[in-house]
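Peer 1: With the sequence up front, the predicted model follows.
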Amino acid sequence: QFSSTFPPDQIADQSRASSSSSRIVHRPRSAFLGRRKPNKVANWSLAPIKWRVKIVRENAWKGYLKRLRALIFRPRTMDAVRFSIIENEMKWEDEYRMYYADGEAVESGRPLDGSPTTSRYRLSISSESDVAGVEISSPNQQPHDLCSGSREGQDEIWAYSEIEAALKELPDADRIAELLDSLVPVGDVLVDYGFALDSTLLLAVWASKHDMLGQMVKGLGVDVNASDCWGRTALHLACYIGDYRAVELLLQAGARAQCWDKQRKATPLHCAASCGSVECIGLLLAKGADINAGIEKHSPLHYAVQRNSKRCVEYLLKNGANPNTPQVYTQTPLHVAASNGFVECMDLLLNNGADARSQYGQKKITSLHLAASENYLECVKLLLNAGADIDARNKDQQTPLHLACLSQCHETVTYLISKNADVHAVYRDGRTALHASIVKESRFWDTTLSLLKAKVDVNRADNFGYTPLHIAALNEFSSCVFLLIEYGADITARTNGGVSALSFIIRRTPEIIPKYIDKLDTAISVNSIHEIGDVDCEIRLDFRLLVPNNDRGETELLLAFIEVGQRRILKHPLCETFLLLKWRRIRKFFLFSLFFHGLFVLLFTAYVLGVYVKDCRTLTCRTAPYIPVLGYSVIFQNLTLMTKELFQMMHGFVGYVRYWENWLQWSIVVGVFLCTQNPTAEISTVPIWQHHVAAIVIFLAWLELMMLVGRFPVFGLYVQMFTTVAVNFAKFLMAYCCLLIAFGLSFCVLFPNYIAFKQILRGLLKTIVMMAGELEFEDIFYGNSLKIQYPGTAHGMFLAFVLLVTVILTNLLVGLAVSDIQGLQQSAGLDRLSRQAELISRLESLMFSKLLRKAPIRLWAIFQKIALLKTSRFRLHFRVKPNDPREKRIPKELITSIYKLVAERRERNQSMKRKRTHRNMQTFRELLEEDAAAMVTLRRQRFKTRTSNKNRTVSESPYLASGVGGRSVHGSSSTSSQQLKALEEGQKLILMKLDELGKEVDSLKAKVKTG
């Protein structure tokens, strides 16, 4: 439609698939091409259709451009879900790339949590894209919409522009266009001027020139089966626009009703079905058109369904159209109806034998998949009633419920769940419907809540270890995170790379932490039978919130909070009580380990003292009889210690290597073997190097014993002070080592006669000793046998050393140590709880390691009974009486903190309740006052009305002159005044009652404060 007289809105209406039953176009007289020669030509190359557009008038440029845009660049339907999936996909990929702020992120494509990398993982680990590993070229490509081409108006047989372009290339197209607008007799012109009859026939049909068409097919003997360059005949065009009159004329003239175009895309029956013209379909079927032509790809029934023409679909089915396709995995009309949500057409197809289980395409998608992904609930109901498989799988193992969750179709999800759809089904990469529902934030709440109410596994992880909680936190869906936690999501769950869900929550949704602390507060409740100040009042502590639903141990949650820098939660009374009770359960294992190490150190010390302390160079020493026994005992214990270390290494190699104390223990194991390699040998035959090894190993053994003692909550603070000061002192020496080396070298030059400075290493060691205060000033400068060779300079350097090192540097070290100790004392309670939680978690992880799963069941049960709190008589519940002086199970300080938390919460709740009561009373009082005022006003209006009516009656009475009736009027007025007084008194009574009620409320407040 390139004529300047053809309105663009008519073009848009024709190019859009409508629900009308005909596509007849009533064109104006100049219906096709301009009649003048163009004065300018513009060549536009537009893919996929390349053609040239001739512009007729200079001043009509904008109009042509607008029409061309409306014709070529028609907006295509784009599924918002698919675009959101791609958008989330890129966003989640960025989250993985930018996750660690400390430089641990790997920019080469490896997931930041350390899990193995695949192209599929990198593309869709945090989204629900179906096309993993495939380049996504456009957001129009939808993962679940395999019938996107069969949507309404998206898959027309030919575009109007394509037909117009082909007709424009016909011979004499320009001249015939002018002829179609003229009033000259057609027959004479065609004969006299030699116009191409085939071109005229096609253009006349396209322009709906019935008179000209009748003259040509009857009087001029034109070939009614003539076609354009693509094999489209005049009957194709007439059926395409739904021109019943033209179809009738062509068929009467002998046009073939069953003919294909060159591309074998359509017959005239396809064209008639695509425009929904039942009349044209009837004419074609009467002439022998094949009703199932092209059923291998697209039959006329396909286009009728796509047109959503109920009359046309019903007519075709009654005349023998096959609703199914003979080949498997091909598109059926039912797929088209499901993709567009055409309920009436779907009902007709199913009632006429359409297969509701048929699959389409390489991905083997069913009609139920399409309807569920687009939230066509009525179509879903029809398909399920017709026997569709509710848990049908496509190529990616997705069920309709998965696709409905991906599109966040809440109504469809709820209905599928009500029909017992499998909510635990997994698809690609091990994801469930709950993973799929957390794609975007638009309607995830309703969809997720429906799945959670259906008892879906909230902690089910995919192949990469990501649970729905990981995904929700990564996408910053805080409300979804809290919803999942409310339904039991494990915040300690870890990915394959060891990243916990809590770490995502801290970084992406930190507002969840205060809400979680509020949940800890609610886990401490008071027995409602007794008052909080009563002796028999019981406070109940529920530890179930702290124990995750996994087999990694009961302190995993507290350890996770420590890892993410939220140690302050350990000071919560619930957590502190839990750690105390847990330590009492598990400390027997620690005491056994401490006893074993203590015995080992004592035996090894006795062996070293019996073998390496004596000086037996004269070969006069004899080995004591108990030395071999000690040696073999030490070797046995050393083997046991080595077995324990090997077990810990196999339990978790990465964590084991990172812990420095494990290296210390291996040094002890190796050193003990070197010292006891021959326990029965004579003392005189012990080599010199073993003395060096023994000295080092015995020091390390006692150092390790000190570290074990420091794990006790009572002694932990002091050992931590020592280790902290030692580490800071090492940093201190590294910072000022240049100054110490400078003085050491200077003293070696200035005091060459002094024994300690004759060698450089001895000089450096002497300098460090002098820093501690051992200056030996008189021995160096005024010794009898020594003479200062460089006086003056030596005195100046020695004075500088005293001032800079002994005074300034040493005092600075002391000040740093004091500040460290003060900091540790301020956080002593929190540090103690952290060490206690780490020790308990470590012991639990060893006792319930996967390496011990093959141990006897009775041994496993004994471990659980001794170590786990949930197997104790408390059963994760603990009751304490804060006002009972006999309560000795937990410390008084902890009881006080529990009581304080409960009292503050109760006071806060009562304060809110009082405010709410006062507010309600105030509102009630205002309402009563308004009602009383309205009642008084209404009564006054009624009284005035009755008074005016009585006065009017008295004035009209014949007895007015005689004075009769005046008494009655006066009596009525006195009665009304009495009623007003009664109303006023009633109002006063109501206000008095309100005042009394307010006083009662005030007295209740006073009682609450005192009680």
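Peer 2: Okay, I see it.
Peer 1: Next one, pLDDT for Pro8 please.
Peer 2: Reported pLDDT at Pro8 in the predicted model: 34.
Peer 1: Please apply the same query to Val458.
Peer 2: Model confidence at Val458, given as pLDDT, is 91.
Peer 1: How about the secondary structure of it?
Peer 2: Following DSSP: H, G, I helix; E, B strand; the rest coil, Val458 is assigned to coil.
Peer 1: What is the burial count for it?
Peer 2: Val458 has 23 neighbouring residues, counting by other Cβ atoms under 10 Å. No exception for glycine: its C-beta is placed from N, CA and C like everyone else's.
Peer 1: Find the residue closest to it in space, skipping its chain neighbours.
Peer 2: Ala489 (4.9 Å; Cβ to Cβ, 6 or more residues apart in numbering).
Peer 1: Report the contact partners of that neighbour.
Peer 2: Applying Cβ atoms under 8 Å, 6 or more residues apart in numbering, we find Ala489 in contact with 458-459, 467-469, 501.
Peer 1: Closest to Asp931 out of the residues you listed?
Peer 2: Of all these, Val458 has the smallest distance to Asp931: 51.6 Å, by Cβ to Cβ.
Peer 1: Would you agree the closest one is in contact with Cys480?
Peer 2: No - Val458 is beyond contact range of Cys480, at 11.5 Å (criterion: Cβ atoms under 8 Å).
Peer 1: Now do the same contact list for Asp446.
Peer 2: 408, 410.
Peer 1: pLDDT value on it, please?
Peer 2: According to the prediction, Asp446 has pLDDT 86.
Peer 1: Provide the secondary structure category for it.
Peer 2: helix.
Peer 1: what's the spacing between it and Leu213?
Peer 2: Applying Cβ to Cβ, to the nearest Å, one obtains 58 Å for the distance of Asp446 from Leu213.
Peer 1: following the helix or strand where Ser633 lies, which helix or strand shows up next?
Peer 2: Using DSSP states H and E, Ser633 maps to helix 627-651. Next in sequence after helix 627-651, counting helices and strands by DSSP H and E, comes helix 653-658.
Peer 1: quick check: mean pLDDT across that next one?
Peer 2: Here helix 653-658 scores 79 as its mean pLDDT.
Peer 1: which of the residues in the helix or strand following that helix are buried?
Peer 2: Per DSSP H and E, helix 653-658 leads on to helix 660-675 as the next helix or strand towards the C-terminus. Residues of helix 660-675 classed as buried by neighbour count (16 or more other Cβ atoms under 10 Å): 665, 668-669, 671-673, 675.
Peer 1: now swap in stretch 625-636 and tell me
Peer 2: Quick answer for stretch 625-636 (16+ other Cβ under 10 Å): 627, 630-631, 633-635.
Peer 1: What is the nearest of those residues to Gly276?
Peer 2: Checking these against Gly276 by Cβ to Cβ gives Ile635 as the nearest, at 95.6 Å.
Peer 1: how far away is that closest one from Leu812?
Peer 2: Ile635 is 47 Å from Leu812, by Cβ to Cβ.
Peer 1: How about Leu170?
Peer 2: With distances taken as Cβ to Cβ, Leu170 is found 100 Å from Leu812.
Peer 1: Give me the more crowded residue out of these two.
Peer 2: Neighbour tally, Leu170 and Leu812, criterion other Cβ under 10 Å: the higher count belongs to Leu170, 19 against 12.
Peer 1: just to revisit the earlier point, out of the buried residues of helix 660-675, who's nearest Arg908?
Peer 2: Distance to Arg908 across the buried residues of helix 660-675 (Cβ to Cβ) is lowest for Gln665, with 51.0 Å.
Peer 1: Is that closest one in contact with Glu704, as I believe?
Peer 2: Yes - in this structure, Gln665 is within contact of Glu704 by Cβ under 8 Å, at 6.4 Å.
Peer 1: Phi, psi for Gln359 please.
Peer 2: For Gln359, the backbone dihedrals (degrees, to the nearest 10) come out as phi -110, psi 150.
Peer 1: so how far is Leu370 from it?
Peer 2: For Gln359, the distance to Leu370 equals 11 Å [Cβ to Cβ].
Peer 1: What of Asn319?
Peer 2: 27 Å.
Peer 1: okay, the two: which has more neighbours?
Peer 2: Neighbour count, other Cβ under 10 Å: between Asn319 and Leu370, Leu370 has more, with 30 against 11.
Peer 1: Surely that one is within a helix?
Peer 2: Yes - assigned with three-state DSSP, Leu370 falls within a helix.
Peer 1: quick one: contacts for the closest residue in space to it that isn't next to it in sequence?
Peer 2: Among residues not flanking Leu370 along the chain, Ala338 sits closest, at 4.2 Å (Cβ to Cβ, 6+ apart). Applying Cβ under 8 Å, 6+ apart, we find Ala338 in contact with 147, 346, 367-368, 370-371, 376, 379, 383.
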